[in-house]
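Q: missing the sequence, but the structure's below:
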């Protein structure tokens, strides 16, 4: 009993000693840190040297290639120049990204900078007050070099809420070898395009790959047809904004009929309604489809060593063909600025976030890196480095040769509800259900009830 | 021990965590959902206005997609009950007769689709039914039935049928397992007695197996209706309700309205109607199939 209590007492004593020493050690450490902190603070100006962790949310999960690598390089550059800043990056693939961003918006999560999709998607964030208004004057001049008209999908009620990172425009990628081997003429008019489609189909090759499950490409294709018919970049945007009608307009009727021709002559691959983005891309990059209707952001295909070499050497770009008798030229480009970045209102470090955001958007960061690495076509003026791939050069020619641009894709220029309803209208149309008149009536209804 | 259970405080302490969890994860969301269904909100936390029953009137009287989604769900439920279940019962009987190692083997094989991830199943059928390289069309070709070839999931005339087929196929193992377990509970001497009386084959099962399985059948029918109504994953992953709206189901429609069209309030109205429809379907299927449990 005595022994026992003695040993208990010893144990207690030792523990107490240990606890005290640990506490004091902690205290000492703290003191030291505090001293160091205050001395540096005193030595430099204000709070700029404070350790800050910024949170960036992005839709580029692949950090080793393409745009993800470019984004990472910008961040690494910034951290090198500002060692007190840490940047916490969260990345998700496209669809999960969109959903989580909405969840963040709902809970007012304190991100600092987030990737945003211009148009309808950003509109939701703006209405919820989740993103900050920017002053366009700050982004004029040589530091940024933004191309004219690129703010359109980021502007709501004449206020700017984000900056675009890329120029996006629709082109037709084609596999030159498939055209040459089968003796098929590369189309410059819509009739020739449909004719080429028939010839490919007769040879058992899918003419044009389409991501029909995603539905938005149909709307872009339709907008392209409208522009080729009228030469008017605003007609479709005006119809979405209810300044014009989809129904009872001969141009829209004609465009819808042309769209029906594409459907009825089976221009798109057989399973196009179940093909998502990846499936449609695979079909084309594996040389099973001759063409792919897709955006300029796929410039990296020519340098992606995971794709067959035979394909990489033969991928080329075609402008959307002119329509016989149409007023539009093949230099009227369906170009807009889809992706970009915004500052988040609930940011805990607004000043630091703005500094980082401005750095990222300056012309020698994202724009330069993304162009030099061949990942995308920026929304800012860039200089050719001479190391571009053939595909990049062709894409540049399409953009620099454009005589007019749309500024926004019609589908994104309305509300998210309009987008959903309009996509559904195209879905019904291509699934074989509706006539051109019905398509236009559905679009009209979508515009009216948005 | 007796004392503990007589203590009201103790009862409360034991039950409270469960009730709290239930309330937080189940009741509160439903109440919130009902609240949002009366507003035109884009997403929780965003500015919104009270619009009364506008979402509901729009849904019930103007929204053909909602009714289409509901119709598809009912069709799927009927498909489960009229196609999947009879086949499942048939195979359960066969399996029961087989006996020995073979029985165990086949039991496992039939159950395999149920343990495969829904994502895998969806991708698998997308490939199998692909018109260009899918195995299904190739098989038709090799059987000399080339004229039947189709873009099964990509064509609005065949998409729903193909979707129902996939769902019935994927859920087959569960049905089989339930009926098989029910069969195992029927004593063998009943069959012996019946066959001594001269019954055999189909008659034997119609008179003995089916009535004795009726409690299982009742449960299965209710489950089938609910499974059909809440169908989401496979549809979302294969066609996302398309092409057009031909394979639209309630849960997918709800999801798209909330997260693609940013009509959060409207989507909540759908979810409230969805709950009502589910409760109604459960009530009806119970009512219609209720029979006094057969004694044996």
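A: Thanks, I have the structure now. Bear in mind the structure is a predicted one, so any value in this text is a computation, not a measurement.

Q: in terms of contact, does residue B:112 touch residue B:173 like I think?
A: Yes - if you go by C-beta atoms under 8 Å, residue B:112 and residue B:173 touch, sitting 7.0 Å apart. Glycine gets a C-beta too; all of them are placed from N, C-alpha and C.

Q: Around chain A, pick out the residues from the stretch 51-200 of chain B.
A: Residues of the stretch 51-200 of chain B that fall close to chain A, judged by C-beta under 8 Å from any C-beta of the partner chain: B:65, B:126, B:130, B:131, B:132, B:151, B:153, B:154, B:155, B:156, B:157, B:159.

Q: State the helix or strand in which the second one lies.
A: To tie it back to what came earlier, the one meant is residue B:126. Mapping residue B:126 onto the secondary structure by DSSP states H and E places it in helix B:118-128.

Q: got the buried residues for the helix or strand that that helix is followed by?
A: Heading C-terminal from helix B:118-128, the first helix or strand you meet, by DSSP H and E, is helix B:135-142. Of the residues in helix B:135-142, those with enough neighbours to count as buried (16 or more other C-beta atoms under 10 Å in any protein chain shown) are B:136, B:137, B:140.

Q: now stretch A:296-307
A: When burial is assessed from 16+ other C-beta under 10 Å, stretch A:296-307 yields the following buried residues: A:296, A:297, A:298, A:299, A:300, A:301, A:302, A:303, A:307.

Q: and if you look at stretch B:58-67?
A: In terms of neighbour count (16+ other C-beta under 10 Å), stretch B:58-67 has its buried residues at B:58, B:59, B:63, B:65, B:66.

Q: which SSE is the nearest residue to the first one once chain neighbours are set aside in?
A: Distances taken as C-beta to C-beta, 6 or more residues apart in numbering or on different chains put residue B:266 closest to residue B:58, at 7.3 Å, once the chain neighbours are dropped. Element membership for residue B:266, per DSSP H and E: helix B:264-289.

Q: starting at the chain centroid, how far to that helix?
A: Counting by C-alpha atoms, centre = their mean, to the nearest Å, helix B:264-289 is centred 14 Å from the centre of its parent chain.

Q: And the helices in the stretch 101-250 of chain A?
A: If DSSP state H, counting those that start in this stretch is used as the criterion, the helices of the stretch 101-250 of chain A fall at A:120-127, A:176-181, A:190-202, A:216-230, A:235-240, A:250-264.

Q: Flag every residue of chain A that's near chain B.
A: Within chain A, the positions adjacent to chain B are A:98-99, A:102, A:105-108, A:120, A:124, A:127-129, A:206, A:212-213, A:215, A:269-274, A:283, A:288, A:415-417, A:419-421, A:424, A:427-428, A:430-433 by C-beta under 8 Å from any C-beta.

Q: Just the buried residues out of those residues, in ChimeraX syntax.
A: The command below creates a ChimeraX selection of those among the residues of chain A next to chain B that count as buried (16+ other C-beta under 10 Å):
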select /A:98,102,105,106,120,124,127,128,206,212,213,215,269,270,271,272,273,274,283,288,415,416,417,419,420,421,424,427,428,430,431,432,433
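
Q: mind listing which of the residues of chain A next to chain B are in strands?
A: Among those, the members found in strands (DSSP state E) are residue A:206.

Q: Look up the pLDDT of the most centrally placed residue in chain B for me, please.
A: When C-alpha atoms, centre = their mean is applied to chain B, the residue found nearest the centroid is residue B:227 (1.7 Å). Note on residue B:227: pLDDT of 89.

Q: Please point out which parts of the helix or strand encompassing it sit buried.
A: When elements are assigned from DSSP H and E, residue B:227 belongs to helix B:210-229. Under the neighbour-count criterion of 16+ other C-beta under 10 Å, helix B:210-229 has B:212-218, B:220-229 buried.

Q: And for stretch A:245-257?
A: Applying a neighbour-count criterion of 16+ other C-beta under 10 Å, one finds A:246, A:249, A:251, A:252, A:253, A:254, A:255, A:256 buried in stretch A:245-257.

Q: nearest to residue B:42, of those?
A: Nearest to residue B:42 among these, counting by C-beta to C-beta, is residue A:246 at 25.0 Å.

Q: Is it correct that that closest one is in contact with residue A:437?
A: No - using C-beta under 8 Å, residue A:246 and residue A:437 do not qualify as a contacting pair, with a distance of 10.2 Å.

Q: Is it correct that residue A:275 is in contact with residue A:210?
A: Yes - counting by C-beta under 8 Å, residue A:275 touches residue A:210, with 6.8 Å between them.

Q: which residues are common contacts for the two?
A: By the contact definition C-beta atoms under 8 Å, 6 or more residues apart in numbering or on different chains, residue A:275 and residue A:210 are jointly contacted by residue A:269.

Q: These two - which one has more neighbours?
A: Per other C-beta atoms under 10 Å in any protein chain shown, whichever of residue A:275 and residue A:210 has more neighbours is residue A:210, with 29 against 25.

Q: Kindly provide the distance from that one to chain B.
A: Using C-beta to the nearest C-beta, to the nearest Å, we find residue A:210 at a distance of 11 Å from chain B.

Q: May I have the residues that are in contact with that residue?
A: With contact set as C-beta under 8 Å, 6+ apart, residue A:210 has these partners: A:217, A:218, A:268, A:269, A:272, A:275, A:280, A:293.

Q: Identify the residues contacting the helix or strand harbouring residue A:357?
A: When secondary structure is defined using DSSP H and E, the element that contains residue A:357 is helix A:350-361. Defining contact as C-beta under 8 Å, 6+ apart, one finds that helix A:350-361 is touched by A:52, A:54, A:74-75, A:78, A:81-82, A:85, A:87, A:112-113, A:138-139, A:144, A:163, A:165, A:341, A:343-344, A:347, A:365-366.

Q: One more pass at 7 Å, please.
A: Among residues not part of helix A:350-361, those counted as contacts by C-beta atoms under 7 Å, 6 or more residues apart in numbering or on different chains are A:52, A:54, A:74, A:78, A:85, A:112-113, A:144, A:163, A:341, A:343, A:347, A:365-366.

Q: Can you point out the buried residues in the helix holding residue B:126?
A: Along helix B:118-128, the positions that meet the burial threshold by neighbour count (16+ other C-beta under 10 Å) are B:121, B:122, B:124, B:125, B:126, B:128.

Q: Identify, from these, the entry nearest to residue B:180.
A: Relative to residue B:180, and with distances defined as C-beta to C-beta, the nearest of these is residue B:121, at 21.5 Å.

Q: Does that closest one touch residue B:170 like I think?
A: Yes - between residue B:121 and residue B:170 there is a contact under C-beta atoms under 7 Å: 5.4 Å.

Q: Give me the common contacts of the two.
A: Residues touching both residue B:121 and residue B:170 by C-beta under 7 Å, 6+ apart: B:113, B:234.

Q: all helices for the stretch 351-450 of chain A, in order.
A: Listed in chain order (using DSSP H, counting those that start in this stretch), the helices of the stretch 351-450 of chain A are A:366-372, A:390-400, A:410-413, A:416-430, A:436-448.

Q: Residue B:34: which of these is closest?
A: helix A:416-430 (21.6 Å).

Q: Next, the angle from the closest one to helix A:250-264.
A: With axes from the mean of the first three to the mean of the last three C-alpha atoms, to 10 degrees applied, the angle from helix A:416-430 to helix A:250-264 works out at 50 degrees.
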